[in-house]
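A.B. asks: Next come a sequence and a model predicted from it.
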Amino acid sequence: MAADDISISFPPASSATDTSLTTTLASIVNTSYATAEAGIWTPGHERTNPDDIASLIQKAQLAVVYDHARSKQPIGCLVYKLISPALSNFGMLALDQAYRSTGIGRRMVVFVEEESRRRGCENCSCELLMPTEFTHEYKERTQKWYEKMGYSVVKVGDFATEYPAFIKYLAGPVEYRIFEKTL
């Protein structure tokens, strides 16, 4: 896979009606998070669904990763939001398993940072749920990965306050770590 074969962009709002796209992306996210958050959620809980993906596309909050060598096939995505004129946020970073450990995840974060600078943001943030009753190796690696890219924990938030509808799906207690990076 050549670097030129991969692109990241915000699809047009009209793509929200493309059920093949929204279903593919929801599947990629749910498959990614089945590993990334194993043991954190109750069995059967899925991170997203095609309707949520469509809504994010309509709001221009979903960046999609495409592989042009595979007929511009979507291979990943991430959510991007402006929190304030000075602060952006990314989350739901997900990539097809076949493309993991290829540097594309880093490119996705760089894309977010460049988009944030373009929009005048001074800082970029992301979050990480960490279980408090067991060591989650994937989450530990993810935190180290964020730190290697210049992100640091700025606070521990209250997940119950931020996402009250999701508390009932947690398998146990979590720490909600919020990271930021000065751009």
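C.D. replies: Perfect, thanks for sending it.
A.B. asks: Please point out which parts of the helix or strand of the chain with the lowest mean pLDDT sit buried.
C.D. replies: Here the helix or strand of the chain ranked lowest by mean pLDDT, DSSP states H and E is helix 159-162, holding a mean of 92. Burial within helix 159-162, assessed by neighbour count using 16 or more other Cβ atoms under 10 Å, is assigned to residue 159. The way it works is simple: take the backbone N, C-alpha and C, and place the C-beta from them, glycine included.
A.B. asks: so what does that helix touch, helix or strand wise?
C.D. replies: strand 174-182 (3 or more Cβ pairs under 8 Å, 6 or more residues apart in numbering; DSSP states H and E).
A.B. asks: Mind jotting down where the strands sit in the protein?
C.D. replies: For the chain, the strands defined by DSSP state E occupy 6-9, 62-67, 73-84, 87-95, 123-131, 152-157, 174-182.
A.B. asks: Quick check: which ranges of the chain have low pLDDT?
C.D. replies: Applying pLDDT under 70 to the chain flags the ranges 1-3.
A.B. asks: Which helix in it has the most residues?
C.D. replies: Using DSSP state H to define each element, the chain has its longest helix at helix 19-36.
A.B. asks: Give the burial count for residue 165, as a bare number.
C.D. replies: Residues within reach of residue 165, counting by other Cβ atoms under 10 Å, total 6.
A.B. asks: OK, contacts around it?
C.D. replies: If you count contacts by Cβ atoms under 8 Å, 6 or more residues apart in numbering, residue 165 has none.
A.B. asks: any idea how far it lies from residue 31?
C.D. replies: According to Cβ to Cβ, to the nearest Å, residue 165 stands 23 Å off from residue 31.
A.B. asks: same deal with residue 139?
C.D. replies: With Cβ to Cβ as the criterion, residue 139 and residue 31 are 17 Å apart.
A.B. asks: neighbour count winner among those two?
C.D. replies: For residue 139 versus residue 31, neighbours defined as other Cβ under 10 Å are more numerous around residue 139 (21 against 16).
A.B. asks: ok so, going back, generate JSON lines for the strands of the chain, with distance to residue 145 and mean neighbour count as supplementary columns.
C.D. replies: Listed next are the strands of the chain as JSON lines, based on distance: least, Cβ to Cβ, whole Å; neighbours: other Cβ atoms under 10 Å:
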{"stretch": "strand 6-9", "distance to residue 145": "18", "mean neighbour count": "16"}
{"stretch": "strand 62-67", "distance to residue 145": "17", "mean neighbour count": "22"}
{"stretch": "strand 73-84", "distance to residue 145": "14", "mean neighbour count": "19"}
{"stretch": "strand 87-95", "distance to residue 145": "10", "mean neighbour count": "21"}
{"stretch": "strand 123-131", "distance to residue 145": "10", "mean neighbour count": "19"}
{"stretch": "strand 152-157", "distance to residue 145": "13", "mean neighbour count": "12"}
{"stretch": "strand 174-182", "distance to residue 145": "11", "mean neighbour count": "17"}
